[in-house]
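K.L.:
Here you go, sequence then predicted model.
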Amino acid sequence: MSDGTILSGHQPSFYHPGILAKRLLIDARVQDGASGCAWLVADQDVNEPGLIQFPDLDEHDRLIRRTWHAVAPRPGVPTCMRSVDRIAPPPRVSRKLPPSIQEGLDSMHEALEDAGGATVSERFAEANEALLRRLVDTPCRMLHASRLSETEHGRAILERIAEDPIGCAECWNEAIRAVPRSARPLHIDQEDPNAIEVPTWSVDGDTGLRRKGTLGELRRALAEQEPILPRAFLMTAIVRSSGFETMVHGTGGGRYEAVTNQWAARFLGIELPPIVMTTATVLLPLEAFAPAEQDLPTPEQVRALEHDPWPETGHKQVLVEAIRNAPRGSDERRTRYLDLQSERARQQDLIGSRLLEMKAGVEAGREALAGRLVGEERSWAWPLHDIEALREALTNGFDDAA
């Protein structure tokens with residue numbers, strides 16, 4: 001039975017405005033009468049929240065992308081299993097850029113320093129929520145995916161999987177076929193039941209690396225009451241069937257929840273509450289720094305000229321036909337081929353300055369495109385934006401499609 005609480009979530013990080021739209025929507029629902037809100041921290045994920053990208057200007061005032069290594073990365077290790085040794089100081093950006101960028105880096109650093117979490121996931125979730133006090137009225141109850149197995153409801157679902165792993169895998173594999181590229185099938189080992197794959201993650205005790213979970217590992221973790229890390233669809237199946245009124249997703253997550261719905265209905269025999277989808281695109285005001293589009297040479301044009309540098313149209317084709325008409329393996333054929341290469345080299349020398357100019361134009365085009373892509377990026381961390389501009393954009397512009 002629903003308790004009227006609105007649910008959403010994401011991996012622990014300073015996420016982009018499209019994710020922030022979910023947080024603002026559940027806050028708005030609380031203001032409209034929902035009994036509360038909860039935020040699911042997907043801390044079983046191996047994302048790197050400490051690698052915070054931001055825009056900057058290089059020594060030539062070109063718009064570039066840089067990365068602040070706020071905490072040391074540990075590829076392949078879930079954020080719930082990584083301790084925080086230190087927070088690196090925030091970088092300094094060009095003063096020519098909007099001041100919100102430097103202010104955002106500084107505020108994220110301060111929030112991370114003040115947060116009390118012991119793990120990377122706890123530290124970033126707490127720091128992000130603290131900064132959100134500028135934008136939202138209602139604090140969210142934090143739910144950590146790595147702790148769902150400690151709840152009575154979560155454990156019951158995991159025990160159901162342990163009792164019927166083949167049924168679980170068959171329903172899972174059938175569900176993902178309905179949504180192409182949503183997930184990888186679970187492997188059913190016909191010779192070793194303990195090797196049957198289940199929708200959980202296991203963690204290597206020596207390296208901390210995440211790997212596919214098996215029935216044997218699930219049963220051992222249940223017996224020893226160890227934490228069990230659910231995969232994404234299992235995670236949302238547990239929380240969505242825990243009494244929440246609805247879950248707010250982005251467009252990608254909303255699409256994939258069709259898998260969760262079908263798996264939960266066929267394997268667990270439960271109908272999950274509805275999904276609301278919302279998203280937003282908010283850009284930093286970087287237009288003045290992004291290069292304008294120009295009619296510059298392309299790499300394809302340079303390659304075409306290098307291979308056919310003759311001013312007369314069709315001249316190369318005449319030489320190629322002469323090679324083709326000569327007997328295979330003959331001295332004549334070899335001579336004609338070498339003549340073509342020599343003539344092409346001489347012709348390239350004659351237009352050498354033109355080729356150099358075109359190659360310089362190609363490089364300039366690459367740099368310009370890179371700058372435009374930085375200017376059009378929608379996934380910068382939300383604290384890098386001006387708070388009032390962000391509030392206005394999200395209040396007026398996010399797409400709430402129930």
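P.N.:
Sure, I can see it.
K.L.:
Now do the same contact list for the residue lying closest to residue 379 once chain neighbours are set aside.
P.N.:
Distances taken as C-beta to C-beta, 6 or more residues apart in numbering place residue 16 nearest to residue 379, at 4.2 Å, with adjacent residues excluded. Yep, even glycine has a C-beta here, placed from its N, CA and C like the rest. Contacts here follow C-beta atoms under 8 Å, 6 or more residues apart in numbering; on that basis residue 16 touches 378, 379, 380, 381, 382.
K.L.:
three-state assignment of the third one?
P.N.:
Using DSSP: H, G, I helix; E, B strand; the rest coil, the structure places residue 380 in coil.
K.L.:
Report the separation between it and residue 91.
P.N.:
14 Å (C-beta to C-beta, to the nearest Å).
K.L.:
These two: which has the busier surroundings?
P.N.:
Each of residue 380 and residue 91 had its neighbours counted (other C-beta atoms under 10 Å), and the higher figure belongs to residue 380 (23 against 16).
K.L.:
picking that back up, what separates the residue nearest to residue 379 from residue 390, distance-wise?
P.N.:
Note on residue 16: its distance to residue 390, by C-beta to C-beta, is 11 Å.
K.L.:
Report the rounded mean pLDDT for stretch 180-188.
P.N.:
Averaged across stretch 180-188, pLDDT comes to 92.
K.L.:
Start and end of it, how far apart?
P.N.:
20 Å (C-alpha to C-alpha, to the nearest Å).
K.L.:
confidence score at the residue nearest to residue 379?
P.N.:
For residue 16, pLDDT reads 96.
K.L.:
Ramachandran angles for residue 110?
P.N.:
phi -60, psi -40 (degrees, to the nearest 10).
K.L.:
In the stretch 251-400 of the chain, mark out all the strands, start to finish.
P.N.:
275-279, 399-401 (DSSP state E, counting those that start in this stretch).
K.L.:
looking at the ones you listed, which has the lowest confidence?
P.N.:
strand 399-401 (a mean of 46).
K.L.:
Let's see the longest helix seen in the chain as PDB, backbone CA atoms only.
P.N.:
Looking across the chain with DSSP state H, the single longest helix is helix 352-375. This file holds the C-alpha atoms of helix 352-375, laid out as PDB (Å, rounded to 0.1, in the frame of the first residue of the first chain):
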ATOM      1  CA  GLY A 352      52.300  21.500 -51.200                       C
ATOM      2  CA  SER A 353      51.400  25.000 -49.800                       C
ATOM      3  CA  ARG A 354      47.800  24.400 -50.600                       C
ATOM      4  CA  LEU A 355      47.800  21.000 -48.900                       C
ATOM      5  CA  LEU A 356      49.500  22.600 -45.800                       C
ATOM      6  CA  GLU A 357      46.800  25.300 -45.700                       C
ATOM      7  CA  MET A 358      44.000  22.800 -46.000                       C
ATOM      8  CA  LYS A 359      45.600  20.600 -43.200                       C
ATOM      9  CA  ALA A 360      45.800  23.700 -41.000                       C
ATOM     10  CA  GLY A 361      42.200  24.400 -41.800                       C
ATOM     11  CA  VAL A 362      41.200  20.800 -40.800                       C
ATOM     12  CA  GLU A 363      43.000  21.300 -37.400                       C
ATOM     13  CA  ALA A 364      41.300  24.600 -36.900                       C
ATOM     14  CA  GLY A 365      38.000  22.900 -37.600                       C
ATOM     15  CA  ARG A 366      38.700  20.200 -35.100                       C
ATOM     16  CA  GLU A 367      39.600  22.800 -32.400                       C
ATOM     17  CA  ALA A 368      36.500  24.900 -33.200                       C
ATOM     18  CA  LEU A 369      34.300  21.800 -33.100                       C
ATOM     19  CA  ALA A 370      35.800  20.800 -29.700                       C
ATOM     20  CA  GLY A 371      35.100  24.300 -28.400                       C
ATOM     21  CA  ARG A 372      31.500  24.300 -29.700                       C
ATOM     22  CA  LEU A 373      30.900  20.900 -28.000                       C
ATOM     23  CA  VAL A 374      32.100  22.300 -24.700                       C
ATOM     24  CA  GLY A 375      29.800  25.200 -25.100                       C
END
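K.L.:
what's next to that helix, contact-wise?
P.N.:
Residues contacting helix 352-375 (C-beta under 8 Å, 6+ apart): 55, 62-65, 283-284, 286-287, 289-294, 296-299, 301-302, 305-306, 309, 348.
K.L.:
which residues of this structure score low on pLDDT?
P.N.:
Residue ranges of the chain with pLDDT under 70: 1-3, 396-402.
K.L.:
so where do the helices sit in it?
P.N.:
Under the criterion DSSP H, the chain contains helices at 17-31, 99-114, 120-131, 152-163, 165-177, 215-223, 232-240, 251-263, 299-307, 315-325, 331-350, 352-375, 387-397.
K.L.:
TSV for these, including mean neighbour count and distance to residue 141?
P.N.:
Formatted as TSV, the helices of the chain follow (neighbours: other C-beta atoms under 10 Å; distance: least, C-beta to C-beta, whole Å):
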stretch	mean neighbour count	distance to residue 141
helix 17-31	23	11
helix 99-114	19	19
helix 120-131	24	10
helix 152-163	16	15
helix 165-177	19	29
helix 215-223	18	25
helix 232-240	24	11
helix 251-263	19	20
helix 299-307	13	53
helix 315-325	13	71
helix 331-350	13	69
helix 352-375	15	37
helix 387-397	15	22
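K.L.:
Tell me which of these sits nearest to residue 49.
P.N.:
helix 120-131 (4.5 Å; C-beta to C-beta).
K.L.:
how big is the angle separating that closest one from helix 99-114?
P.N.:
130 degrees (axes from the mean of the first three to the mean of the last three C-alpha atoms, to 10 degrees).
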